[in-house]
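K.L.:
structure here, sequence nowhere to be found:
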């Protein structure tokens, strides 16, 4: 009985509907397909995302960023290079040009221009100023002043000073500043020229009455040349200078002039020599300048004596007279005429004859 009951109890359990079973299988199959599709979709999205990321990463390795070019014109070249370097750029100098406004060594032009965006590896080309265009200062020495002025017509100013020169003829340039070949900007340069006035003229020394050696020494001291000597009878003692030429005493002469002197070969037959005493009276212990001038057969107002004395003094004045030349002695004290004495040839020869 028990076995039958158990069998019956098993038989009494509800049996699944075949249709339900079939439907459930389909649902399970659909559920699995959707999951697989979702997984594939997610996988594709991940792959696409990774691919895009990798592509972007690769592109970032090859894409160079753009940089805005800074302004570097009118900067010193080193500063311009530094500024470009700090901006991530590098500079290349493409040349140098003269420029009247921008100092030498500064940037005149940049390419690309400021604010333009360029890739980092693109060089910025710089043109550097050589400053204002210069020219070599011409050599003006020994040129005539007029010619020098013509050559300097484009210069700012020409200043001229004049000096005497024994070596350079009058009117020629002796010195210049700036010196020859100095680089200059003509429109900004003041030129200084020293122009020769030639040999300095001075009063010809009086050689009359000097010995040959004395005359030669005077000529040498003054840069004059003793060309030669001649001799003739005169009213001077033998060996003294009677005449000088071509330049007379007191006339203007320049160094280098040749002078000929005529020496006395002895007194002429009609010459008469005398000594005349002259007393110069002055106040004791009061310095007084005494000047004695002589005119005779040899001289005209010749300064025979000039000295300062503090007590009275007698002078003996040598004179030479001739039939055509009497003698005159003139005495000055401190520039004031004191006495004029005349000794005539007739007077002297008459006295001698009577003796």
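P.N.:
Done, it's in. Keep in mind that what you see is a predicted model, and the values were worked out from it rather than measured. Numbering: from 1, shown residues only.
K.L.:
quick one: low-confidence parts of the chain?
P.N.:
Applying pLDDT under 70 to the chain picks out residues 1-31, 53-64, 351-355.
K.L.:
the helices in it, which residues?
P.N.:
2-11, 18-62, 77-86, 145-151, 212-221, 345-354 (DSSP state H).
K.L.:
which residue packs closest to residue 341, ignoring adjacent ones?
P.N.:
Excluding its sequence neighbours, the residue lying closest to residue 341 (CB to CB, 6 or more residues apart in numbering) is residue 329, at 4.6 Å. (C-beta placed from N, C-alpha, C; glycine too.)
K.L.:
for that neighbour, what are its contacts?
P.N.:
276, 278, 292-294, 304, 317, 319, 339-343 (CB atoms under 8 Å, 6 or more residues apart in numbering).
K.L.:
return the subset of those lying in strands.
P.N.:
276, 278, 292-294, 304, 317, 319, 339-343 (DSSP state E).
K.L.:
beta-bridge partners for residue 135, please?
P.N.:
Beta bridges link residue 135 to residue 184, judged by DSSP bridges.
K.L.:
how is this protein partitioned into domains?
P.N.:
66-129, 137-196, 201-267, 272-354 (automatic domain parsing).
K.L.:
of all those, which lies closest to residue 41?
P.N.:
domain 66-129 (38.9 Å; CB to CB).
K.L.:
dump the domains of the chain to JSON lines, plus distance to residue 44.
P.N.:
Shown next, in JSON lines, are those (distance: least, CB to CB, whole Å):
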{"stretch": "domain 66-129", "distance to residue 44": "35"}
{"stretch": "domain 137-196", "distance to residue 44": "77"}
{"stretch": "domain 201-267", "distance to residue 44": "116"}
{"stretch": "domain 272-354", "distance to residue 44": "136"}
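K.L.:
quick one, which of the contacts of residue 329 are buried?
P.N.:
276, 278, 292, 293, 294, 304, 317, 319, 343 (16 or more other CB atoms under 10 Å).
K.L.:
how close does the closest residue to the last one other than its chain neighbours sit to residue 320?
P.N.:
Counting by CB to CB, 6+ apart, residue 327 is the residue found nearest to residue 343 once chain neighbours are left out, at 4.5 Å. In this view, residue 327 and residue 320 are 8 Å apart by CB to CB, to the nearest Å.
K.L.:
one more: residue 101?
P.N.:
For residue 101, the distance to residue 320 - CB to CB - is 85 Å.
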